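Chemist: Build the 3D model from these lines:
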Amino acid sequence: MKKNFLLTSASGVVVTVLLLSSCKNNNQNAEKALQANIPKVDSNNATLLRINNQIFSIPSPIQTALLVKKSGYAYNKQILNPADNYSKYDTKYKKALNLGIYGADLGYISLYDQTQDALMYLASIEKLATDIGIADMFNAGLVKRFQQNMGKQDSLLSMVSQAFARSDAYFKDNKQNDISSLVLVGGWIESLYFAVQANTNPQANPKDIQRRIAEQKISLVNLVKMLQPYKDRPECAKLIKDLSDLSTIFDDVTFVYNYIPPTVDVKNHLTNINSTSDVKFENSGDLKIISDKIIAIRNQIAG
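Modeler: I've put the predicted structure just below:
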């Protein structure tokens, strides 16, 4: 199964990559095919990833960003990593992590239909991608198509999904799972940062946001395990320690299962599952401590 770490449907379907042609008819046909294959993003289900022959289950950044939007949180450019920060990242480690952060930012921006901001962040992504060696995935052709599809949210999300999925495949083919993992971690951290920011906004409904934050207890275990092969590298060792410390803070987060008998619709041969589960923070200050740690890790990476 492909590792679709940025914009992907819950089932992990990757939209077929469409090749652009200068011929007008071919462009029209390609656009129709793109629209026909747009994945539906589910804000609740996680994505399955295969890295170093291990399977991990982690929610994609777009799923969390979609949940943030559904909660009633208005577009807030101030929570994004400034687009011009790309020039500050001077190592491949920093470039990879922030490529993931910018990818999550671009997904967030696209969900809110912010045209000019989207183009600005796409340009920053193109620059980082060039430095890392995947310029072809975010080239002028993608930028042009992005401009042509402004206002078509599903098309924009689909195009960015294609580019990152192709980048992931390139990293794997060239035995650069470390870079692929760092891009994934950067996107995950940024999306969780979105959730933390939305949770502090009085205009947003915090219930689902707090649940999404709590669910990262499981994701963190997977992320730390995924980075273990690179623990001897100083920068990765620091990141692993930070994520491990965050995981420890999550220890007191529990999920309470509430059994409610299922109901059976005999006529339609359906059984409805009615049981639910609730998130419980054992101490009233745990969510604040978790949020502060997430903000600190993210701001250290974004610099």
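Chemist: For the stretch 151-300 of the chain, give me the ranges with low pLDDT.
Modeler: 151, 153, 156-157, 160-175, 276-277 (pLDDT under 70).
Chemist: Could I get the full set of strands for it?
Modeler: 253-258, 263-265, 270-272, 276-281 (DSSP state E, counting those that start in this stretch).
Chemist: Dump the ones you listed into a markdown table; add mean neighbour count and distance to residue 223 as well.
Modeler: In this view, the C-beta of every residue, glycine as well, is placed from N, C-alpha and C. Formatted as a markdown table, the strands of the stretch 151-300 of the chain follow (neighbours: other Cβ atoms under 10 Å; distance: least, Cβ to Cβ, whole Å):
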| stretch | mean neighbour count | distance to residue 223 |
| --- | --- | --- |
| strand 253-258 | 12 | 16 |
| strand 263-265 | 10 | 38 |
| strand 270-272 | 10 | 34 |
| strand 276-281 | 13 | 19 |
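Chemist: Adding distance to residue 191, write those out as CSV.
Modeler: Shown next, in CSV, are the strands of the stretch 151-300 of the chain (distance: least, Cβ to Cβ, whole Å):
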stretch, distance to residue 191
strand 253-258, 18
strand 263-265, 35
strand 270-272, 31
strand 276-281, 18
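Chemist: hey, where'd the helices end up in the stretch 51-200 of the chain?
Modeler: 61-70, 92-111, 115-132, 140-148, 153-173, 177-199 (DSSP state H, counting those that start in this stretch).
Chemist: how about the helices in the stretch 201-303 of the chain?
Modeler: Under DSSP H, counting those that start in this stretch, the stretch 201-303 of the chain gives helices at 206-227, 234-249, 286-302.
Chemist: and the gap between the residue nearest the centre of the chain and residue 107?
Modeler: A centroid search over the chain (Cα atoms, centre = their mean) returns residue 61, at 1.8 Å, as the residue closest to the centre. Distance of residue 61 to residue 107, given as Cβ to Cβ, to the nearest Å: 6 Å.
Chemist: Ok, which of the strands of the stretch 151-300 of the chain comes nearest residue 188?
Modeler: Closest approach to residue 188 among the strands of the stretch 151-300 of the chain is made by strand 253-258 (17.0 Å; Cβ to Cβ).
Chemist: Pull the closest one out as CSV, backbone CA atoms only.
Modeler: Output in CSV follows, covering the C-alpha atoms of strand 253-258 (Å, rounded to 0.1, in the frame of the first residue of the first chain):
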residue,chain,number,x,y,z
VAL,A,253,-5.0,10.2,28.4
THR,A,254,-7.6,7.4,28.4
PHE,A,255,-10.5,6.3,26.2
VAL,A,256,-13.7,5.2,27.9
TYR,A,257,-15.9,2.7,26.0
ASN,A,258,-19.6,3.2,26.5
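Chemist: Mind giving me the packing neighbours of it?
Modeler: Here strand 253-258 touches helix 206-227, strand 276-281, going by 3 or more Cβ pairs under 8 Å, 6 or more residues apart in numbering; DSSP states H and E.
Chemist: Please tabulate those in JSON lines and include distance to residue 242 as additional columns.
Modeler: As requested, those are exported to JSON lines (distance: least, Cβ to Cβ, whole Å):
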{"stretch": "helix 206-227", "distance to residue 242": "10"}
{"stretch": "strand 276-281", "distance to residue 242": "21"}
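Chemist: Figure out which of the ones you listed is closest to residue 292.
Modeler: helix 206-227 (12.3 Å).
Chemist: Could you check the angle that closest one makes with helix 286-302?
Modeler: Using axes from the mean of the first three to the mean of the last three Cα atoms, to 10 degrees, the direction of helix 206-227 lies 50 degrees away from that of helix 286-302.
Chemist: Mind giving me the packing neighbours of helix 206-227?
Modeler: strand 54-58, helix 61-70, helix 177-199, helix 234-249, strand 253-258, strand 276-281, helix 286-302.
Chemist: Of all these, which one comes closest to residue 91?
Modeler: That would be helix 234-249 among these, by Cβ to Cβ, at 7.2 Å.
Chemist: Show which residues not belonging to that closest one make contact with it.
Modeler: 91, 93-94, 97, 178, 185, 217, 220-221, 223-224, 227-228, 230-231, 286, 289-290, 293-294, 297, 300-301 (Cβ atoms under 8 Å, 6 or more residues apart in numbering).
Chemist: If you count neighbours, what's buried in it?
Modeler: 236, 239-240, 242-243, 246-247, 249 (16 or more other Cβ atoms under 10 Å).
Chemist: ok so, going back, same list (the helices of the stretch 51-200 of the chain) but as a markdown table, adding distance to residue 270.
Modeler: Listed next are these as a markdown table, based on distance: least, Cβ to Cβ, whole Å:
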| stretch | distance to residue 270 |
| --- | --- |
| helix 61-70 | 26 |
| helix 92-111 | 33 |
| helix 115-132 | 42 |
| helix 140-148 | 42 |
| helix 153-173 | 30 |
| helix 177-199 | 33 |
